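J.: Following is a predicted model, sequence given first.
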Amino acid sequence: MTKSSKRELATKAAYNRRPSVQKKRVANNKARREAIRDGRVTKGDGKDVHHKKPLDKGGSTKKSNTKVVSQKTNRGWRKKNPEMYTKRGKK
């Protein structure tokens, strides 16, 4: 694993301090905790809780809007749907 430069670390830290990013992280963590409580996922199982309608597109953290998928599937969907996002953020 390569080391991150001081500039990269500062950029990541600034990004993670954004209120919108923190709000999304809180919502994702809440959905994960609920899935663990329901027995749909376990810690270290290589699964993600996927939001059918993305949170930043108005989706909720309700059980009806989530499903369990592999990390590869959940984290690679943007490559398959580039039209949903631009370099400036949401369309």
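T.: Good, I have the coordinates.
J.: Tell me the pLDDT of the most centrally placed residue in the chain.
T.: For the chain, the residue whose C-alpha lies nearest the mean C-alpha position (C-alpha atoms, centre = their mean) is residue 28; its distance is 6.2 Å. Looking at residue 28, its pLDDT stands at 90.
J.: pull the longest helix from this protein.
T.: Longest helix in the chain by number of residues, with DSSP state H as the criterion: helix 19-38.
J.: what's that helix in contact with?
T.: The contact list for helix 19-38, computed with C-beta atoms under 8 Å, 6 or more residues apart in numbering, reads 15-16, 41-43, 49, 51, 55-56, 61, 63, 66, 68. Where C-beta positions appear, they are placed from N, C-alpha and C, glycine not excepted.
J.: Just the closest of the residues you listed to residue 82, please.
T.: residue 56 (15.4 Å; C-beta to C-beta).
J.: so where's this protein shaky on pLDDT?
T.: Along the chain, the parts satisfying pLDDT under 70 run over 1, 84-91.
J.: Now with 90, please.
T.: Counting by pLDDT under 90, the chain has low-confidence residues at 1-4, 20-21, 24, 50-52, 54-63, 71-91.
J.: tally of neighbours for residue 80?
T.: By other C-beta atoms under 10 Å, the residues close to residue 80 number 9.
J.: any idea how far residue 69 is from it?
T.: According to C-beta to C-beta, to the nearest Å, residue 80 and residue 69 sit 13 Å apart.
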